Structure formats: C-alpha cells, structure tokens
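J.: sequence? don't have it. structure:
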Ligand SMILES: [Zn+2]
C-alpha cells in the first residue's frame, strides 16, 4: 500500500467519505513530477536510461523519491524527464496521470509541463504536442478527466523563454491555457526580463501562472504580480511575512495554489502542523489545495485534503469550501464550472443529511 492510500489518523468516516466523494479540481500539478515509479522504470528500461535507485526496482525507486532538499528533487525530476522520448511516452504518462486522478474523483486538472526540458534533449515540439494531445483525448474518453496545460519557463534559462512561449501559443489547440514560471526562485534570477514574454502571452489569451513565494519571500510574489501579471500564484506561502502583500492578494482576490506536503517535503516547514495554511485562510486569502509532484512527495490531491482536514481540524463545510475554491479559481469553461460546483454542493448536502445535520 502506498502512503497515498494509508488511512490518515484523526479523520472520521464522514469527512473521509466527503473527500472521496467530492468531485475535485487540481490546479498545481507537474506532469513530469507525476510519473509513478513503475511507469518511470518501464520507460527507463525501454530507452536504456538509468534512474537513481533503479537497481532495486520500482520499490527502490520509490525510496529514492524521498528527498532531502530541492536540489535532490530536481535531480530525480530531470532523470525521469530523460526517459521521455517519443509521443507515446508523453501520451502514456498523461493517461496514467488521468487514471490516478479519476480514481480520486478529480475531474479536471491544470497540469504544468516544461517543454524545453525535452526539446533540449532533441525531442521536437511536434512530438510533444502530439503526445499531449493524444494523452488528453484518452484522459477524457477512458477516464472522464478533463486536462488543460500550463507550459512553464525555467527561470534561470532565459534563452528558453521565447521558445517556450512559442510552443505554448501553438499548443493552445491541444489545451494549453497558461504560461508558467518555475525553477530556482531567487533574486539571482530576476523576474523582470521575462515581463515582455508574459505580456505577450496574456495579450494572446494565455494566463500568467508563475511559481512565487515558495523558495523566496514576499519580494518574489510582488515581482510575479507586477512584472508577470500573475493570474494566480503557485505556492505563495511566504506572502505572510508582508502584511501589505497579504492585503493586496486579498483585495485583488489573487488565488494561491498551496501544496502543503510538497512544502514540507522540500524542508520549508518541519511538519504539516507547522504549515501556514491556517494563517493564509484566516487572512482571508483565496487558497486552493494542490499536490505539486504527487508520487515524489508520497501524496495525492485527496491525500492533501485528508491530511489537512485532520491536521487543522476542518469540518465538512470547510473541506467543501476548499474544493469549491479549486473550481472557482480554475480556467475551465464557465458552463463546466457551474456543473461541477452544483455536483459538489449536492454531495455536501447529501452527506450532511446522512450525518443527521440540518439541511444546508
Ligand atoms: Zn510546482
């Protein structure tokens, strides 16, 4: 049994059932960081590539998925990426991700993908887009999961910014909805040089979806807002150090994609109990829960809900409110949003009645 399916202590059956039954959306999830060890191993063997810990098989690989720091995480991430070569590989990881999402009743996900990691290894843009298109179509037909893509720029590789944007624009026909910004978040790699790229992306209808306030403080979040016109902030947990920033995020209703287990996994906080999620919510910020790189942090979206509900004492309406936020903060079509929100409300009402509580 994987950690993701272990029972979470302190979670009663009603809340566990609600988390399972709620149709969910996931807004911060990396495709290359979602590859399960078994599939990573199969792809590595297909292409004759090594993976850290692979001599002990999938279980050995799963143990190597546990990181001490961000650098170690990036090394595994790149080793797995190196095993992705042809369109079938990309389609395979998309379909496998959709299978896992469907198993947890996640109906929609905005999935981040880093095209230049693969283009740099000689994979063509056409191959990438063909693999994503096939995977996305099969996710819909085989698993009932709707996927949208965020193509991200790695911030210390400036020369890759323009080709990433070009691929993202081309990829709109296969579901690309946003331009992301990730990599080493540090003033050493400033945001400002990317402002023209993000301005163009937004003018062309893509959303600006940068990581900020994860590895660096409030200044990084301000830069993402002012220089990249961020529509949402990936992580943003460090915003609390600046009350003016918190006020700005609240006033302008800028959503934060919060990934608690990932934050603990890379050592930002010693344990979930020390995570600032309760303070972010108490400050009136617009927060959705997300899993980032689920197998690499031994988590999943439902597991984030379970762990947080147990650690922070959320009741059923609070859990449902978080699930509602993910839908509201998403860029899914308006009609789909209305349908999913109605389904969520129906599940909450049904379970509430079963629990003998007054109707909501
Ligand atoms: Zn991320």
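T.: Nice, thanks for sending it over. These numbers were taken from a predicted model, which means no experiment stands behind them. Numbers count the residues shown, from 1 in each chain.

J.: nearest spatial neighbour of residue 152, chain-adjacent residues omitted?
T.: Once flanking residues are discounted, residue 152 sits nearest to residue 180: 3.0 Å by CB to CB, 6 or more residues apart in numbering. Yep, even glycine has a C-beta here, placed from its N, CA and C like the rest.

J.: can you confirm that neighbour is in a strand?
T.: Yes: under DSSP: H, G, I helix; E, B strand; the rest coil, residue 180 sits within a strand.

J.: beta partners of it?
T.: With DSSP bridges applied, residue 180 shows beta-bridge pairing to residue 152, residue 209.

J.: contacting residues for it?
T.: 112, 150, 151, 152, 153, 209, 210, 211, 234 (CB atoms under 8 Å, 6 or more residues apart in numbering).

J.: tell me how far it lies from residue 199.
T.: The gap separating residue 180 from residue 199 is 16 Å, by CB to CB, to the nearest Å.

J.: just residue 249 next, same as before
T.: From residue 249 across to residue 199, the span is 21 Å (CB to CB).

J.: these two: which has the busier surroundings?
T.: Higher neighbour count among residue 249 and residue 199: residue 249, with 25 against 14, using other CB atoms under 10 Å.

J.: tell me which element that one falls in.
T.: Residue 249 is part of helix 243-251 when elements are defined by DSSP states H and E.

J.: could you do residue 335 as well?
T.: Using DSSP H and E, residue 335 sits within helix 334-354.

J.: on that earlier part again, select from the contacts of residue 180 the one having the most neighbours.
T.: residue 210 (33 neighbours).

J.: shouldn't that residue be in contact with residue 181?
T.: Yes: the pair residue 210 and residue 181 passes the contact test of CB atoms under 8 Å, sitting 3.6 Å apart.

J.: can you list residues touching both of those two?
T.: 191, 198, 224, 228.

J.: coming back round to it: pull up the per-residue confidence for the residue nearest to residue 152.
T.: As predicted, residue 180 sits at a pLDDT of 98.

J.: can you pull out the helices in the stretch 51-200 of the chain?
T.: Along the stretch 51-200 of the chain, counting by DSSP state H, counting those that start in this stretch, helices occupy 57-64, 70-81, 87-103, 115-119, 125-143, 161-170, 195-203.

J.: wait, which of these is closest to residue 328?
T.: helix 87-103 (18.9 Å; CB to CB).
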